[in-house]
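K.L.:
Requesting a structural model of the entry that follows:
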Amino acid sequence: MAEKGKAKSLTQIRRHRAIKSKRKKKDGTTEIAYYPGVYVNEHTTRKHMGQPDECYYICYRYRKKLKWEKIGWASEGYTPAYAENIRAERIRTKRHGDDLPKKKGTPPTFKNTGDQYIKWLEANRTGNTGPDVSRYNNHLLPALGKLALDEITTERLESLKTSLQEDLSPQTVKHVLSLVRRIINRAITQRQWTGGNPVSRVDMPRVNNRRVRFLSYEDARTLLNALKERSPLVHDMALLSLHCGLRLGEVTGLQPQHIDLASGIIHVMDSKNGTSRAAYPTADVSAMLSGRIKGLAANEYVFQDRRHDGRITGISASFDRVVESLGLNNGVTDRRQRVVYHTLRHTYASWLVMQGTSIMVVKELLGHKSLAMTERYSHLAPSASRAAVAKFESSFVIEGEEKLERTMDQAVPPTAEDLEKGKLAKRSRKKTATKK
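P.N.:
Numbering: from 1, shown residues only. Okay, the predicted model is just below:
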């Protein structure tokens, strides 16, 4: 305790000066107002209404300790009376057994939250996480990594969307924004972030990635031969997609335990929509898989990344180089019409429909969730549709004309006696109806 008469430091005086305001009354007396437990700290340079700006604090005991809490500055609209009300509310809350409000922590950065989400994703998702990891590292970390979650606003995400659309397809941009949404939602679920999700107010890009182009039999044969010379691995992957309709992620996730060559079935376990299905290999695919799974453990990948010793995360650039060397994309400017790896799966479905396979069967083979996704291929069987219409039309015309001719031949004009009988019968029906 300081000695009596000894001056305290300037900081101590300013911090621990109790609030005491004087108000002169009309009768000449002075009224002094005290605010118990409320203290003031004056700013050394900043002014408010011509006086040093004041910051108000409250002090009370909590769990046998003296607790100080900052309320706010006078320039922000706070007053001693408001601070006193807050102190009284704190004391009431403490007395009745409720928890006091905890001090808000610093919001986590997007990088910390995103890194945790990616680790969780790789540990819990059964499918291929490579595309999400790539989007996170290449597009999100450079743009949002250093920002706190409260700094990621709708306007900032709209700006990110605009910049991404310069080089990426609308579908890819949508995937990137969807990843941001999932990362923040996970942070909210884990109570790392109590704010909202700004992605919910972003206008997602409109996507129309419906591919119409497919390979002819000759183009497909030429492409496979060229791939075999350039990269046997890429050739075998392409053969599997072309002959069985597997997606790239389903090809790279294939393991020997999923293949039953004796029964002629490939069990597709890591499907895009989360369900499993069966694929049926052709003779060429069976011969290729028989050679590839020889010597592999049941849980190893059939197609492996030898350089990184694990699962392949994307198609090799050799595929695009071969496509360009064959000129399959010469003069094609529409992204949806270009030959890419997914064109092989599209070609598989197109060939099936052209050969007269039912749309329902094609849906099951492709693993589509809804028939609407498969109906995009229905236009590829125009000859069958036209034949059905032609058959209907010919049947209608021939059978209709013959029936009409038979009716005309059998028709006999009514006699006067028949007409009189008809009139009498009509009158009889009218009388019966009137009586009723």
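
K.L.:
Could you list every helix and strand that whichever strand or helix holds residue 223 packs against?
P.N.:
Taking DSSP states H and E as the definition, one finds residue 223 inside helix 217-230. If you count contacts as 3 or more Cβ pairs under 8 Å, 6 or more residues apart in numbering; DSSP states H and E, helix 217-230 packs onto helix 232-244, helix 317-326, helix 342-354. Backbone N, C-alpha and C define where each C-beta goes, glycine included.

K.L.:
which of the residues in that helix are buried?
P.N.:
By 16 or more other Cβ atoms under 10 Å, the buried positions in helix 217-230 come out as 220, 223-224, 226-227, 230.

K.L.:
Can you tell me which of those is nearest residue 284?
P.N.:
residue 224 (9.2 Å; Cβ to Cβ).

K.L.:
In contact with that closest one, which residues?
P.N.:
235, 238-239, 242 (Cβ atoms under 8 Å, 6 or more residues apart in numbering).

K.L.:
now these as TSV including pLDDT?
P.N.:
As requested, the contacts of residue 224 are exported to TSV (pLDDT from 0 to 100):
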residue	pLDDT
235	95
238	95
239	95
242	94
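
K.L.:
are any of these buried, and which?
P.N.:
Of the contacts of residue 224, these count as buried by 16+ other Cβ under 10 Å: 235, 238-239, 242.

K.L.:
Turn the residues you listed into TSV, columns for distance to residue 43.
P.N.:
Listed next are the buried ones among the contacts of residue 224 as TSV, based on distance: Cβ to Cβ, whole Å:
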residue	distance to residue 43
235	74
238	71
239	76
242	74
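
K.L.:
Tell me which stretches of the stretch 151-300 of the chain form strands.
P.N.:
Assigned by DSSP state E, counting those that start in this stretch, the stretch 151-300 of the chain shows strands spanning 259-260, 265-268, 277-279.

K.L.:
Residue 249: which of the ones you listed is closest?
P.N.:
strand 265-268 (10.1 Å).

K.L.:
can you tell me the average pLDDT over the closest one?
P.N.:
On average, the pLDDT along strand 265-268 is 92.

K.L.:
List the neighbouring strands of that strand plus their orientation.
P.N.:
strand 259-260 (antiparallel), strand 277-279 (antiparallel) (DSSP bridges).

K.L.:
Direction included, what does the lengthiest strand in the chain pair up with?
P.N.:
Secondary structure of the chain per DSSP state E: the longest strand is strand 30-48. Counting by DSSP bridges, the strands paired with strand 30-48 are strand 17-24 (antiparallel), strand 51-62 (antiparallel).

K.L.:
among those strands, where is the model least confident on average?
P.N.:
strand 17-24 (a mean of 52).

K.L.:
So, low pLDDT: which residues of the protein?
P.N.:
In the predicted model, the chain carries pLDDT under 70 at residues 1-34, 97-105, 126-127, 208-212, 308-309, 379-436.
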